[in-house]
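Engineer: Dropping a prediction and its sequence here:
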Amino acid sequence: MNDVVLDTENVARILNRNWFMDDELMHIAFALRYNETYISVNRTSVESFSDDVRNFAKDHDDFTFGNDFDKLRYAKLNVGDIRKINVSLGGVQVSVNVEVEPRDKHIKSHAGIFTRQDDKNIKPSGNIFVPELKENVSTDDILLKVRYKLLELSEVVQEKI
Amino acid sequence: MAYTGNIQSYSPSYFDTMMLINSLNISNQDKEVIGRRLVEEATGKNLSKMYSRLDAIGQLKKNWDGEGALPIARQTVDNIKRVLMISDDADWDGWMIGPETNATLGLQSKKTKACISVGTQEYSYYAVIDGLELHGNHLTFTPNSFLDLIRTIG
């Protein structure tokens, strides 16, 4: 397995039914949980991708779609476009990257979308102190802007499980 | 069905509701205001949809996503309901609402793609309207300020 995620690759964020309203995807699909440092995605070019996403959907009811719940959906994003996301808010500049993130050994396509200030991962419910302004910037607000940008880049794909 | 004092099991008809309002010790003018308001909320397409959506989201249990998501805090659901109670139906045209994993709610405008995250006490938002970036961070929630936001960025 190649540990370097190329700009030309695509990644897929497997989607939960509750993240849609009127069949439209919402920014909440890209929210980090408390203490989470990355958004889980799967690399579409890794051989195990189809099996990985299908197995995940089969194990998680709310990630199935259709009248017979026999379909899954994912948001497809290009890695190069993700890496171009540039967010600055209140004097804080952050970058967004996609890296391999080993999870369970059998999920070979797993990767993470990381939001960082310099080399530091940004997590929810935190604050970043800006010395020049003598102010704190909430990480939640930075991450909300990142969600907005990720949603803009997303193409929703539906497939049979 | 007459109201017996146990609100949990009370599912009044429209007629029962009007009778209940009529029995309140308030002026006829106020009764009329409440009655009209109820009709708007029951028949306004956008308001009805939002109430239904909130009721469904409010029933999500712990681990609703199979990955440890928290149920939505009741206060947060009630916050939005308080906004709905003072809203016009048109205010909510094109708005979507959904659960976030940390017990908060996320809202999004179909028209402008504006994003809001709201909790029990505060809310934050991000939008780009006519090329201008608008954002607010950890603002204290009040129904009126939130309704102003919905009207501005939606």
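Structural biologist: Nice, I can see it.
Engineer: Residue numbers of chain B in contact with chain A?
Structural biologist: Neighbours of chain A within chain B, by CB under 8 Å from any CB of the partner chain: B:53, B:57, B:60, B:64-69, B:96-102, B:106, B:108, B:110, B:113, B:115, B:117, B:124-126, B:128, B:135, B:137-138. Yep, even glycine has a C-beta here, placed from its N, CA and C like the rest.
Engineer: Return the members of the residues you listed classed as buried.
Structural biologist: Neighbour counting over these (16 or more other CB atoms under 10 Å in any protein chain shown) leaves B:53, B:57, B:60, B:64-65, B:69, B:96-102, B:106, B:108, B:113, B:115, B:117, B:124-126, B:128, B:135, B:137 as the buried ones.
Engineer: Now intersect those residues with the strands, please.
Structural biologist: Residues of these located in strands (DSSP state E): B:96-99, B:106, B:108, B:115, B:117, B:124-126, B:128, B:135, B:137.
Engineer: Is it possible to get JSON lines of those that adds pLDDT?
Structural biologist: Formatted as JSON lines, those follow (pLDDT from 0 to 100):
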{"residue": "B:96", "pLDDT": "98"}
{"residue": "B:97", "pLDDT": "98"}
{"residue": "B:98", "pLDDT": "97"}
{"residue": "B:99", "pLDDT": "96"}
{"residue": "B:106", "pLDDT": "97"}
{"residue": "B:108", "pLDDT": "98"}
{"residue": "B:115", "pLDDT": "97"}
{"residue": "B:117", "pLDDT": "96"}
{"residue": "B:124", "pLDDT": "95"}
{"residue": "B:125", "pLDDT": "96"}
{"residue": "B:126", "pLDDT": "95"}
{"residue": "B:128", "pLDDT": "95"}
{"residue": "B:135", "pLDDT": "92"}
{"residue": "B:137", "pLDDT": "87"}
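Engineer: ok, which pair from those is furthest apart?
Structural biologist: B:99 and B:128 (24.3 Å; CB to CB).
Engineer: other SSEs contacting the helix ranked longest in chain B?
Structural biologist: Using DSSP state H, we find that the single longest helix of chain B is helix B:28-43. Packing contacts for helix B:28-43, counted by 3 or more CB pairs under 8 Å, 6 or more residues apart in numbering or on different chains; DSSP states H and E, involve helix B:14-22, helix B:45-58, helix B:74-85.
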